[in-house]
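S.K.: give me the fold of what follows.
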Amino acid sequence: MSNPQDTIFAKIIRREIPAEIVYEDELAIAFKDVNPQAPVHLLVIPKQPIAMLSDAESEDHRLMGHLLLTVKRVAEQAGLTNGYRVVINTGEDGGQTVYHLHLHILGGRSMQWPPG
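M.R.: Below you'll find the model as predicted:
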């Protein structure tokens with residue numbers, strides 16, 4: 001597992017690499033995924049480096065709630081009025097490839113279940 005302060009997402013936060021940022025506030029940043037899996041595929045990440053959801057602690061409750069409300073705001077901005085899916089991959093078996101907590105917003109088409 002990599003250090004969340006050295007990931008591609010940390011570099012986006014620090015503006016060391018470009019990203020198509022669609023939202024930013026003091027706690028979070030949202031941008032378009034470079035490998036979209038749906039017509040709309042956005043990522044919401046905390047500026048505070050947390051490697052994965054299972055590393056979040058009770059003192060992170062404000063940040064965790066803020067991330068979900070940011071998802072709602074970003075999805076509305078993206079025009080996802082007919083629904084969307086929110087995914088958090090956690091750990092190797094969960095399919096996580098970047099060890100900086102991130103929430104995927106997938107929309108613009110009907111989602112299937114089970115997801116994979």
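
S.K.: so where's this protein shaky on pLDDT?
M.R.: Counting by pLDDT under 70, the chain has low-confidence residues at 1-4, 116.

S.K.: all the helices of it, residue numbers only.
M.R.: With DSSP state H, the ranges of helices along the chain come out as 8-13, 61-77.

S.K.: partner residues bridging Val86?
M.R.: Ile105 (DSSP bridges).

S.K.: for it, grab the count of nearby residues.
M.R.: Other residues near Val86 number 15, with proximity taken as other C-beta atoms under 10 Å. (Each C-beta comes from the backbone N, C-alpha and C, glycine too.)

S.K.: can you tell me how far it sits from Ala38?
M.R.: Per C-beta to C-beta, to the nearest Å, Val86 is found 12 Å from Ala38.

S.K.: what touches both of these two?
M.R.: Residues touching both Val86 and Ala38 by C-beta atoms under 8 Å, 6 or more residues apart in numbering: Leu106.

S.K.: between helix 61-77 and the biggest strand by length in the chain, find me the angle.
M.R.: Ranked by number of residues, the top strand in the chain under DSSP state E is strand 40-46. Here strand 40-46 runs at an angle of 160 degrees relative to helix 61-77 (axes from the mean of the first three to the mean of the last three C-alpha atoms, to 10 degrees).
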